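S.K.: coords below, sequence missing:
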């Protein structure tokens with residue numbers, strides 16, 4: 001009898017030890033399942049979620065811009081409200097700053113030194129329709145402000161690139177102003193297309209005819225005597241054209257090695273990316 005009792009006790013103890021060991025094995029946390037690994041997994045999930053949010057941003061088709069430009073647009077947002085349109089290429093934003101569109105030039109409507117130019121009112125109205133009262137994205141190039149204190153910017157409303165839109169639709173000329181020339185090739189291409197199909201101002205405004213003035217004798221490098229407009233490039237890289245009655249015309253020399261050239265008409269000079277010298281009369 002004692003033997004049976006002893007054997008039963010030993011059996012119970014053996015079963016208890018086996019059950020306890022199995023319970024311990026089932027509930028032990030291995031290094032692979034440690035809290036540190038769990039945190040790491042959470043971090044990866046959060047990173048992936050963040051990347052997905054960036055990839056799913058709306059209106060990501062920005063007039064053919066490079067991927068880096070799109071990411072910069074969303075990572076460095078500068079969203080402001082337009083409170084007033086000043087003319088075809090200048091606006092005022094909330095806070096009082098004035099924005100001058102980079103790379104474009106529209107016919108004048110508010111310059112006190114000159115009358116309203118051909119298609120100036122149309123350009124003003126188009127710009128007003130595109131941006132007034134709306135939230136716009138701003139992007140700078142190299143220079144922050146011009147000599148008048150205006151911010152120099154590329155502008156978007158949703159996925160519409162306003163600078164490009166004005167040129168494409170024939171409301172503005174391409175206007176090269178180094179060093180701010182990031183999208184100048186795009187602008188020149190759009191202008192060429194608008195000009196060829198006579199869209200907007202290209203089909204309405206009179207085209208300048210070649211100026212028939214004999215160039216000064218010292219300018220022997222102009223082979224075509226009817227093309228007397230001097231396309232000069234300044235030391236800073238700015239492209240400026242001079243008419244024969246401009247203040248600096250006589251002292252301006254043309255060096256073709258530097259990319260300087262002669263033009264037969266103002267429109268030809270503008271289409272090539274030159275702008276008129278500031279010391280030229282308003283009309284010629």
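M.R.: Nice, thanks for sending it over. Because the structure is predicted, anything quoted here is derived from the model rather than measured.

S.K.: show me where this structure has helices.
M.R.: All helices of the chain, identified by DSSP state H, fall at 2-27, 35-55, 67-75, 120-131, 162-168, 184-196, 201-204, 266-271.

S.K.: worst mean pLDDT among those helices?
M.R.: For the helices of the chain, the weakest mean pLDDT is recorded on helix 35-55, namely a mean of 36.

S.K.: neighbours around residue 79, how many?
M.R.: 9 (other CB atoms under 10 Å). For glycine as for every other residue, the C-beta is placed from the backbone atoms N, C-alpha and C.

S.K.: and it, how far is that from residue 150?
M.R.: According to CB to CB, to the nearest Å, residue 79 and residue 150 sit 19 Å apart.

S.K.: from residue 98, how far off is the closest residue in space to residue 203 that isn't next to it in sequence?
M.R.: Nearest residue to residue 203, sequence neighbours excluded (CB to CB, 6 or more residues apart in numbering): residue 170, at 7.3 Å. Here residue 170 is placed at a distance of 25 Å from residue 98 (CB to CB).

S.K.: these two: who's more crowded?
M.R.: Taking other CB under 10 Å, residue 170 and residue 98 do not tie; residue 170 has more neighbours (25 against 16).

S.K.: distance between the ends of stretch 148-168?
M.R.: 27 Å (CA to CA, to the nearest Å).

S.K.: list the buried residues of it.
M.R.: For stretch 148-168, the neighbour count (16 or more other CB atoms under 10 Å) marks 150-157, 161-168 as buried.

S.K.: quick check, nearest of the residues you listed to residue 240?
M.R.: residue 152 (17.4 Å; CB to CB).

S.K.: the closest one contacts residue 143, correct?
M.R.: Yes. Under the criterion of CB atoms under 8 Å, residue 152 makes contact with residue 143 at 5.4 Å.

S.K.: just the strands in the stretch 101-250 of the chain please.
M.R.: Applying DSSP state E, counting those that start in this stretch to the stretch 101-250 of the chain gives strands spanning 104-105, 135-139, 151-157, 160-161, 173-174, 229-233, 239-242.

S.K.: quick one: contacts of the last one?
M.R.: Just to be clear, that refers to strand 239-242. 176, 178, 229-234, 248-249, 252, 263, 266, 269, 272-277, 280 (CB atoms under 8 Å, 6 or more residues apart in numbering).

S.K.: for whichever strand in the chain runs longest, give me every contacting residue.
M.R.: Ranked by residue count and defined by DSSP state E, the top strand of the chain is strand 79-87. Strand 79-87 has contacts (CB under 8 Å, 6+ apart) with 91-95, 98, 106, 108-110, 120, 123-124, 127-128, 131-138.

S.K.: and with 6 Å instead?
M.R.: In this structure, residues lying in contact with strand 79-87 by CB atoms under 6 Å, 6 or more residues apart in numbering are 91-94, 109-110, 124, 127-128, 131-132, 134-136.

S.K.: buried subset of the residues you listed?
M.R.: Counted by 16+ other CB under 10 Å, these give 91, 92, 93, 109, 124, 127, 128, 131, 136 as buried.

S.K.: for the first one, list the residues it contacts.
M.R.: The neighbours of residue 91, taking CB under 6 Å, 6+ apart as the test, are 82, 85, 99.

S.K.: and the end-to-end length of stretch 257-276?
M.R.: Stretch 257-276 end-to-end distance (CA to CA) = 21 Å.

S.K.: show me what counts as buried in it.
M.R.: For stretch 257-276, using 16+ other CB under 10 Å, the buried residues are 260-276.

S.K.: next one: stretch 232-244
M.R.: 232, 233, 239, 240, 241, 242, 243, 244.

S.K.: for stretch 246-254, how far is the first residue from the last?
M.R.: 15 Å.

S.K.: can you list the residues that contact it?
M.R.: With CB under 6 Å, 6+ apart as the criterion, stretch 246-254 contacts 230, 232, 242, 260, 277, 279, 280.

S.K.: re earlier: need the buried residues of stretch 232-244 in a markdown table with pLDDT, can you?
M.R.: Listed next are those as a markdown table, based on pLDDT from 0 to 100:
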| residue | pLDDT |
| --- | --- |
| 232 | 90 |
| 233 | 90 |
| 239 | 89 |
| 240 | 91 |
| 241 | 90 |
| 242 | 90 |
| 243 | 89 |
| 244 | 87 |
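
S.K.: make TSV out of the strands of the stretch 101-250 of the chain and add distance to residue 190.
M.R.: Shown next, in TSV, are the strands of the stretch 101-250 of the chain (distance: least, CB to CB, whole Å):
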stretch	distance to residue 190
strand 104-105	10
strand 135-139	18
strand 151-157	14
strand 160-161	10
strand 173-174	7
strand 229-233	21
strand 239-242	18
